[in-house]
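Q: No letters, just coordinates:
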Ligand code: KG4
Ligand code: ZN
């Protein structure tokens, strides 16, 4: 059953065609350069760009997959959470297409889909659900930092989230203080490679807190005070690299420590990670080392599937249809604040 999936929750316009656990095509048009000059995503601009890009992206996804629109057996789209005006574009287009084709439509929770992107492997990606294990899943992006206990396929419990800034937001805000363009995460990752992570000692907020929640706004503030107290530091490229490495080490320490601790507590044998920040090389290395030490299997989303994409929406929608989940009504609306706990 070829299924077309659409993702427009934030600043990536995505369309993918999936068929029996295989991703036949996965097209993403990123708006990052458009929002860079504003230092963050501007919702109305995002919606306008989705409107402009959606049809070309869908057409390309269908042609890459060699699937005609009439062959589609189902259509899915992200229903929430996300920016309302952005979500609306993809959700309503997909819903309308399914209605016209007389095919089932599924509105998918964006974070539930992230939980399954690490299970997509190979070229083209194939979902390895036969190997599915109960796992502890870390979702780290610009908007969210979540720890989720996934007991079985489609059965999960949210354990914790950030009480203030998300990990990606912290990377971006620290980058802004240093004068890096938005989004700063990839550039901090690159600069940190040539820096000393122990050069400066930044706090690891909530690292010893027994909850599974995170907090990153204090770390950004301490970088701000640090720069105030060290005028001229930004003129020295090596000290900038040290600063990037030290701030990154603080973020990564918290993420790795809390993820592994929750995995041990829940006695799962597997950890997964997805979301834009899971592209971070230090995070990937540190998680790999920690999981090896703890004898935990680790599944990291492939770097092209860490960030927002429609393949993960499609794969989850297909699994839901196979398990005869109810289709979403043709009059249903987007859910911009949809909580993961509310997903059945
Ligand atoms: O998942 P994503 O593409 O979009 C959402 O926020 O939903 O994540 C984007 C975030 C940004 O904050 C960006 O700075 C961060 O992911 N990011 C990284 C890296 N690549 C992307 N952060 C650290 N290191 C990276 N390599
Ligand atoms: Zn996302």
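A: Looks like it arrived, so ask away. Quick caveat, the model's predicted, so the values are computed rather than measured. Ligands and ions are numbered 1, 2, ... in the order given.

Q: part of a helix, is residue 288?
A: Yes: the assignment for residue 288 by DSSP: H, G, I helix; E, B strand; the rest coil puts it in a helix.

Q: Distance check, it against residue 109.
A: 28 Å (CB to CB, to the nearest Å). Every residue, glycine included, has its C-beta placed from N, CA and C.

Q: care to break the protein down by domain?
A: 3-128+307-342, 134-304 (automatic domain parsing).

Q: coming back round to it: okay, residue 288 and residue 109: which has more neighbours?
A: A direct count of neighbours by other CB atoms under 10 Å for residue 288 and residue 109 places residue 109 higher, at 21 against 14.

Q: And the pLDDT at the residue nearest to the more buried one when sequence neighbours are not counted?
A: In space, and not counting its chain neighbours, residue 109 is closest to residue 343: 4.6 Å by CB to CB, 6 or more residues apart in numbering. On pLDDT, residue 343 comes in at 91.

Q: residues near residue 343, how many?
A: 16.

Q: Quick one: name the residues of the chain near ligand 1.
A: Taking CB under 6 Å from any ligand atom as the contact definition, the chain meets ligand 1 at 10, 141-143, 168, 171-172, 183-186, 189, 275-277, 279-280, 307-308.

Q: now do 8 Å
A: 9-12, 110, 140-144, 166-169, 171-172, 175, 182-186, 188-190, 248, 275-277, 279-281, 283, 306-308 (CB under 8 Å from any ligand atom).

Q: tell me, which of those make contact with ligand 2?
A: By CB under 5 Å from the ion, the members of the residues of the chain next to ligand 1 lying near ligand 2 are 141, 308.

Q: how about the lowest-mean-pLDDT helix or strand in the chain: buried residues?
A: Across the helices and strands of the chain, mean confidence by mean pLDDT, DSSP states H and E is lowest for helix 32-36: a mean of 84. For helix 32-36, the neighbour count (16 or more other CB atoms under 10 Å) marks residue 35 as buried.

Q: so which strand or helix has residue 223?
A: helix 217-229 (DSSP states H and E).

Q: Averaged pLDDT, that helix. What do you get?
A: Computed over helix 217-229, the average pLDDT equals 97.

Q: Which other helices and strands does the helix or strand following that helix contact?
A: As assigned by DSSP H and E, the chain's next helix or strand after helix 217-229 is helix 237-266. When contacts are defined as 3 or more CB pairs under 8 Å, 6 or more residues apart in numbering; DSSP states H and E, helix 237-266 sits against strand 135-140, strand 145-152, strand 155-161, helix 167-178, helix 185-192, helix 217-229, strand 270-274, helix 281-293.

Q: For the second one, buried residues please.
A: By neighbour count on 16+ other CB under 10 Å, the buried set for strand 145-152 is 145-150.
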